[in-house]
Structure formats: C-alpha cells, structure tokens
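S.K.: Just a sequence and a predicted model for now, questions to come.
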Number of protein chains: 2
Amino acid sequence: MPKALPTVDTTGPVCCAPLAAGVLAADDALGIALRLKALADPVRVQLMSMLLAEPETGICTCDLAPAVDLSEATVSHHLKQLREAGLVEGTRKGTNVYYRPQPEALDALCRVIDPRCR
Amino acid sequence: MPKALPTVDTTGPVCCAPLAAGVLAADDALGIALRLKALADPVRVQLMSMLLAEPETGICTCDLAPAVDLSEATVSHHLKQLREAGLVEGTRKGTNVYYRPQPEALDALCRVIDPRCR
DNA sequence: GTTCTGTTTAGACGTACGTCGAACCATCGG
DNA sequence: CCGATGGTTCGACGTACGTCTAAACAGAAC
C-alpha cells in the first residue's frame, strides 16, 4: 500500500449501496473496508460482544481490560478504533468512561455486506 | 500482537453464536475476526462486489486486475485471501481461473455480526 | 516437443498494526 | 491545593500486510 490511506470520516453508519447491488466505486469500497477493519481483530470482536451484553449501562475500560487480559492502554487503543468507526460510544461518569455499543452502526454494516440485500 | 496468530481453518462458513448472543470465547472471536479481516480491504470489497454481479460464470484474474488497476500478482494475492476465508471459489477452465462468490459464507458472516441476531 | 497466455509463488520493500511501559490528562475526595 | 484513581496519549518494538517485479507453473495451440 504505497499510497497513503485517505482519511475518511467513519463515525457515522456506513451509507452506500449493498455489496450485491452492483459493482462498488472505490470510495464506497474504502468506507466499507475501513469499518470492517475496525472490527477485524479478535480483541475488538470480543469487546463488542461484551458491550452488546450491557447495552444500557455500558462497561468502563478498567473492567474490560482484565476481561481480555490486556493492558488498559491497549484496550483504550482498541476502543478508540471502535469509536472512530462509530461502533461504540464512550461517556464519562466521574473518573470512569462507560462504553456502550451503537447497534445501528453495526446493523448498517451488516446490511451492506448481506449478499441477499440489494 | 507478539504471540503468533494461531492457524485456523476458515474455509467454511463461520459457525458460532452471534455477537449479540452473549460474551464470545476468544476462539470464536478469532474465527470471526479472521473472516472479517479477509474482507477488510478496499480492493477485496470491490472484488467481492464485482464477483457478486457475476455469480454464475465468475470472472478470471486477468479481467479483475485491470478493473481494480493492480497487477495480476496482487489481485491473485487478494483472491487467495478471499479463498482462504471461504468467500470465493476459483475453478480452472483452460488457462483461465474463474472466480465465483460464495454467498453462503458471506451470509453466515453477516448473521454473526447482526446485532438483531441472537 | 516448443511457445504463448494466464496464474500463482517467491522475494523484497515500505507502511500499518497490536502491544507495552511511561508519561500525561481528568476527575473526585480530602 | 494535593494525592489517588481511571483513562488516554506517546514512543518504541516486533510482526503482519499490500504492492511490485521476476521467476516458476499450468494448459492450449502449434
């Protein structure tokens, strides 16, 4: 990948025709790929599943870190990826930051990928 | 990721409880992440959309390469990733190899990710 | 057989990614 | 204000990834 990856805003749900609706433009493919990449890591998949189990209250970094057996710095990094892809949202409550899943974003990604969707 | 990634067979459709069904085991998360990673590249997303537009006959490497403006070697590499994730299947016809999409695999991946699925 | 076309593999290069410890920031409680 | 706790950012390290050219491989036609 010699050419630097374009910087694209991925904080909102993905919005373009589904994969199966026809040949995608490079821009749309990039948007989809960036969001997929945000989820394409075992730790982040696991974090998402944990957050989806607690959609209301959310979970803070200090509780997530021991659950995946990684440093808080690393978990914070992963949460940032998820946040920048709009898959997660963090809100501060005192000293803690509680992360909650954004199911709409995940749903939108899912619909774009769905081969039955067009 | 200091520890080498385990080698996992991903040629079949993903098979585990959906993300939203509960907290995932690390193994399941790995299987999901590996398949997502196979699709988490703009070129591969675009290739998938092209193949989905021609599900019956398939498309050969020499026709895909100019469409994404990359060398045949690079496209072959991407197709290998998709093949190893079970998202695509290639069959030789003479000197050409025609690649066809495997919608079941994509569908399975989609269902695992779907936040409404559990 | 040889040659030609299409495909994959091998090797090399630069970039991106996941991880950590340490430093820095934010908020609460004395 | 000060310290303590939770969170993020920074810098560094090793690995993985995308791309290319060149070489090896597979069929088809001669």
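M.R.: Cool, got the structure. Numbers count the residues shown, from 1 in each chain, chains lettered A, B, ... in the order given.
S.K.: When you work out contacts or count neighbours from here on, use the C-alpha atoms and nothing else.
M.R.: Noted.
S.K.: In chain A, mark out all the strands, start to finish.
M.R.: Taking DSSP state E, the strands of chain A run over residues A:59-60, A:88-93, A:96-101.
S.K.: Can you report how many residues lie near the residue lying closest to A:Leu47 once chain neighbours are set aside?
M.R.: Leaving aside its sequence neighbours, A:Leu47 sits nearest to A:Leu64 (Cα to Cα, 6 or more residues apart in numbering or on different chains; 7.3 Å). A:Leu64 has 21 neighbours, counted by other Cα atoms under 10 Å in any protein chain shown.
S.K.: for A:Pro103, same thing?
M.R.: A:Pro103: 20 neighbours (other Cα under 10 Å).
S.K.: quick one: contacts for it?
M.R.: Applying Cα atoms under 8 Å, 6 or more residues apart in numbering or on different chains, we find A:Pro103 in contact with A:87, B:115.
S.K.: buried set for stretch A:97-114?
M.R.: Using 16 or more other Cα atoms under 10 Å in any protein chain shown as the test for burial, stretch A:97-114 gives A:97-114.
S.K.: Could you list which of these belong to helices?
M.R.: If you go by DSSP state H, these have A:103-113 in helices.
S.K.: re earlier: hang on, isn't the residue nearest to A:Leu47 packed against A:Thr74?
M.R.: No - taking Cα atoms under 8 Å as the definition, A:Leu64 is not a contact partner of A:Thr74, at 10.7 Å.
S.K.: quick one on the thing from earlier: looking at the ones in helices among the buried residues of stretch A:97-114, which is nearest A:Arg83?
M.R.: A:Ala105 (10.7 Å; Cα to Cα).
S.K.: how about stretch A:22-38: buried residues?
M.R.: In stretch A:22-38, counting by 16+ other Cα under 10 Å, buried: A:22-24, A:28-38.
S.K.: again, but for stretch A:72-89
M.R.: Residues of stretch A:72-89 classed as buried: A:72, A:75-76, A:78-89 (neighbour count, 16+ other Cα under 10 Å).
S.K.: Could you list which of those belong to helices?
M.R.: Short answer: those in helices (DSSP H) are A:72, A:75-76, A:78-84.
S.K.: and those residues near DNA strand D, which?
M.R.: Contacts with DNA strand D within these, counted by Cα under 7 Å from any atom of the strand: A:72, A:76, A:79-80.
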